[in-house]
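Trainee: fold the following.
(chains A and B)
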Amino acid sequence: MIKPVFLLTDLLIFVLVAVVIGFAIYARRHEHLRAPWRQVFRSRTGVASLLVLSVYIMIGLLDSVHFRLPLEVPDNGLQASSQQGQPQSHYSVEVLSLLDMALRPLREQAEKTYSAPLATTLFARETVELPDGSQQRLYPRLIYGGAHLHNPAAERGADLFKRTGVAIVMALVVWLLLMTLLLWLLAYRRRLSLAQMLDNVLHRREAVPWLVVVLVSALLLVLVMLMIWLAPAYHLFGTDKVGQDVLYQALKSIRTALAIGTLTTLIMLPFAVLLGILAGYLRGWVDDVIQYLYTTLNSIPGVLLIAAAVLMLQVYIDSHAELFATDAERADMRLLFLCMILGITSWTGLCRLLRGETMKIREVEYIQAATAFGVRSSRIISRHILPNVMHIVLISVVLDFSGLVLAEAVLSYVGVGVDPSMHSWGNMINSARLEMAREPMVWWALVAAFVFMFVLVLAANLFADVVRDAFDPRLRKG
Amino acid sequence: MLAYIVRRVLYAIPILIGVNLITFVLFFVVNTPDDMARMQLGMKHVTPAAIEKWKRAHGYDRPLLYNDRRQGLGRVTDTIFFDKSARLFAFQFGQADDGRDIAEDIRERMWPSLAIALPVLLVGLLVTISVSMLLAFFRATYIDFAGVVILVVLMSVSSLFYIIGGQFLVGKLLHLVPISGYQGGIDAWKFIILPVIIGVVGGIGSGSRWYRTLFLEEIGKDYVRTARAKGLAEMRVLFRHVLRNALIPILTGVVVVLPTLFMGSLIMESFFGIPGLGSYTIDAIRAQDFAIVRSMVFLGSVLYILGLLLTDISYTLVDPRVRLS
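Mentor: Sure, this is the predicted structure:
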């Protein structure tokens, strides 16, 4: 049996997923919440960026289900000792996730050292002993990359072409199936024939831009299929210094980025919302204390605070090594702590916004009416003020996401980011940076990290714009 | 006005005490004075007597926050915290753990930091305002749309990419200027120009987009319609009316960062090997030199509070509707 491992960040991620689902169900029943979301789903940018984001989120969620595989214990004395009591199994110290299982070939096919993307040989010449005893300096073949080819120089191009072709055909087949299913579902709900529905979609008569959905999912499917058909046989993005597949690292980094972008806000949100509203509503000394608190935190240079706190944690972890069963749990602790400290440095902006907004709202007639009726403050805050500032919270959460993903890379560079053993784009960039000096240059790890990060941040930025346009009452039309 | 400034300065004191307390607690949770002594004396061959001696020499032989052996006020004043932070308020930074004078270091390293940060701010401001004015001029056309798309793309690129890509392109491929290092005097421009260009390019995306919305907000206002109704040319409307009004929020955004320019940029300086205050701080964090970190945090906070004060004052200068109270 496998042993499930619940990392702290996993649990928080699932709490977050539950919150999002719960909110979605709640929002469906309330028209004032449905309307702005409908606007989001009717915008072409919104739908396209949401599709891209959902691919990232799916990979991140797959990577958040962790477990340890049992070790195969050889049949000898070890077994005898455990037979008296419960049959005891031993587990590998390596914590794996569902994503690791799906990417098994990528994870296990490690080469000796650097190799370029799609290469069949190592990147550098090595002295190799030939079967007849003589020595020669040549580019040794890779153990896994293009191993199925007999004569790589001649066959590689044709093989790549064939695999790309297969991938595109497969993608089109899957795409056609999915799109027919989608069309059928839509037609069923609208009580139209398939042909009518298709006509509606093609001529953009639907409110939701289904044509964009169709095109973007075609693009995404082609990319995924290319990965599926090329990655097991070649190293799509090359390998790094110790021969690990760069694509695998880039995919594993997605969870780290998503965790930093979302958990940070999840952790800081209760403080920011509670303190901001309290300061704005109660005024007086409470306002003074809360203002003092965030001005003080704000005036400490952020990077310094983060650096000091992360160093402090590292000292603690190093001196309490026995608390963590595996390396993954230790790295996870640091990730969570990084989210916390980033949260502490970033809640002040939202808090100030909420304070200002609450001060405006508390003077409005319906609050005064509630006060005159003798409604308690706690009830006024939860019933009347909180729902009216929620759009600010939502907008700032979505806007913060991309900034936090970018910040992770910078912090890892300074050395106060996530644990060096954890996959993250920041760590990838940091280790690849030193290879820039090589001649010829090792560029693929750097490019892979930047491309993956860029696509995520771009999608998040576009999505954030759409959400802001939909929820900001000042920008709302009509 | 004067009363307001005095009140704000007085208000800054509890904030600075809070800042000191936070940095102090953060660092002394990490390493006790004993650890610091061990680190300075070398990890091996440290006798308890040597540690005691080092602690006494550096003033670390007292309790951290509260001295229960003293009476009255002495309970608070005869502690490491009081001793080390009280001097900061007089800007006496004391000595680093390796014996160098911190104030001297700061004075020396301030200039390279400023040499990078000031041009980045000024050139960046000029470029972002021009770009956003251009987009506002072509508002609701395809040029505007394409411009905004490019800006979103620019701001989605990691700042590390700009630095690494810029170093590669200019320094390695074109061999125009050295990719890192610093030298004072006439030749300094060679080392400054690359970080400045990269800093400006990195800031265009988010900056121009923000300024563009500011301009568009102003363009929708009544006074602009009045100006057009008078028959003013579009350029004159933009430069004489819109720009001047939109500059108010832009200016306040700039004034608040003005004092902190001295602190330099941690990332840029360590990438380009500039001996400024940013890299000074990073080095101190890595070496766990508490005296330097505390001084830099204090300085940073003072400059930040100064920035807030300057912002408020500049508001009254440029916008007569605002009164300080």
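
Trainee: so where's the stretch 301-450 of chain A uncertain?
Mentor: A:437, A:439 (pLDDT under 70).

Trainee: return the residues of it in contact with chain B.
Mentor: Contact residues, the stretch 301-450 of chain A versus chain B (CB under 8 Å from any CB of the partner chain): A:301, A:303-305, A:307-309, A:311-312, A:315, A:402, A:406, A:409-410, A:413-416, A:429, A:433, A:436, A:446, A:450. Any C-beta I mention is one placed from the backbone N, CA and C, and that applies to glycine too.

Trainee: for ChimeraX, write the selection for the buried entries among these.
Mentor: Listed next is the ChimeraX selection for buried residues among those, using 16 or more other CB atoms under 10 Å in any protein chain shown:
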select /A:301,303,304,305,307,308,309,311,312,402,406,409,410,413,414,415,416,429,433,446,450
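
Trainee: so which of the residues of the stretch 301-450 of chain A next to chain B belong to helices?
Mentor: In this view, those that belong to helices under DSSP state H are A:303-305, A:307-309, A:311-312, A:315, A:402, A:406, A:409-410, A:413-414, A:429, A:433, A:446, A:450.

Trainee: avg pLDDT for whichever helix or strand residue B:49 is part of?
Mentor: Secondary structure assigned from DSSP states H and E places residue B:49 in helix B:48-58. Model confidence over helix B:48-58, given as mean pLDDT, is 74.

Trainee: packing partners of that helix?
Mentor: helix B:33-41 (3 or more CB pairs under 8 Å, 6 or more residues apart in numbering or on different chains; DSSP states H and E).

Trainee: re earlier: CA-only coordinates of the helix holding residue B:49 in CSV, if you can.
Mentor: Extracted in CSV, the C-alpha atoms of helix B:48-58 (Å, rounded to 0.1, in the frame of the first residue of the first chain):
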residue,chain,number,x,y,z
PRO,B,48,33.5,30.7,27.2
ALA,B,49,35.8,33.3,28.5
ALA,B,50,36.5,34.6,25.1
ILE,B,51,32.8,34.8,24.3
GLU,B,52,32.2,36.8,27.5
LYS,B,53,35.0,39.1,26.6
TRP,B,54,33.7,39.7,23.1
LYS,B,55,30.2,40.3,24.4
ARG,B,56,31.4,42.8,27.0
ALA,B,57,33.5,44.6,24.4
HIS,B,58,30.5,44.9,22.1
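
Trainee: what distance separates it from the centre of its chain?
Mentor: Helix B:48-58 sits 36 Å away from the centroid of its parent chain (CA atoms, centre = their mean, to the nearest Å).

Trainee: before we move on, what about stretch B:160-170?
Mentor: What separates the centre of stretch B:160-170 from the centre of its chain is 22 Å, taken as CA atoms, centre = their mean.

Trainee: ok, stretch A:322-332 next?
Mentor: On CA atoms, centre = their mean, the centre of stretch A:322-332 falls 21 Å from that of its chain.

Trainee: start to end distance for it?
Mentor: Taking CA to CA, to the nearest Å, the first and last residues of stretch A:322-332 lie 15 Å apart.

Trainee: give me the contact list for that stretch.
Mentor: If you take CB atoms under 8 Å, 6 or more residues apart in numbering or on different chains as the criterion, stretch A:322-332 is touched by A:5, A:7-9, A:66, A:68, A:93-95, A:317, A:321, A:333, A:418-419, A:421-422.

Trainee: run the last query once more with 7 Å
Mentor: Residues outside stretch A:322-332 that contact it (CB atoms under 7 Å, 6 or more residues apart in numbering or on different chains): A:7, A:8, A:9, A:93, A:95, A:317, A:333, A:419, A:421, A:422.

Trainee: how close does the residue nearest to the fourth one when sequence neighbours are not counted get to chain B?
Mentor: Meaning residue A:93. Closest residue to residue A:93 apart from its sequence neighbours, by CB to CB, 6 or more residues apart in numbering or on different chains: residue A:326 at 5.3 Å. Here the criterion is CB to the nearest CB, to the nearest Å. By it, residue A:326 lies 25 Å from chain B.

Trainee: what about residue A:326, how many neighbours?
Mentor: The number of residues packed near residue A:326 is 17, by other CB atoms under 10 Å in any protein chain shown.

Trainee: also residue A:67?
Mentor: Around residue A:67 there are 18 residues (other CB under 10 Å).

Trainee: which residue is the nearest non-sequential neighbour of residue B:290?
Mentor: Computed as CB to CB, 6+ apart, the closest residue to residue B:290 that is not its neighbour in sequence is residue B:27, at 4.9 Å.

Trainee: care to break chain A down by domain?
Mentor: Domain assignment for chain A by automatic domain parsing gives A:3-66+A:245-471, A:149-230.

Trainee: just give the nearest non-adjacent residue to residue 5, would you?
Mentor: Picked chain A for this. residue A:66 (4.3 Å).

Trainee: think we crossed wires, I meant chain B
Mentor: Leaving aside its chain neighbours, residue B:5 sits nearest to residue B:309 (6.9 Å; criterion: CB to CB, 6+ apart).

Trainee: coming back round to it: out of the domains of chain A, deepest packed?
Mentor: Highest mean neighbour count of the domains of chain A: domain A:3-66+A:245-471, a mean of 19 (counted as mean count of other CB atoms under 10 Å in any protein chain shown).

Trainee: which is the next helix or strand following the longest helix belonging to chain B?
Mentor: Identified as the longest helix of chain B according to DSSP H is helix B:102-137. The helix or strand immediately downstream of helix B:102-137 is helix B:142-156, counting by DSSP H and E.

Trainee: now do whatever helix or strand comes next after that following helix, average pLDDT.
Mentor: Remark: after helix B:142-156, the chain's next helix or strand is helix B:159-166, criterion DSSP H and E. The average pLDDT within helix B:159-166 is 87.

Trainee: now helix B:159-166: buried residues?
Mentor: Going by neighbour count (16+ other CB under 10 Å), the buried part of helix B:159-166 is B:159, B:160, B:161, B:162, B:163, B:164, B:165, B:166.

Trainee: what residues does the first one make contact with?
Mentor: To tie it back to what came earlier, the one meant is residue B:159. By CB under 7 Å, 6+ apart, the contact list for residue B:159 reads A:406, A:410, B:202, B:267.
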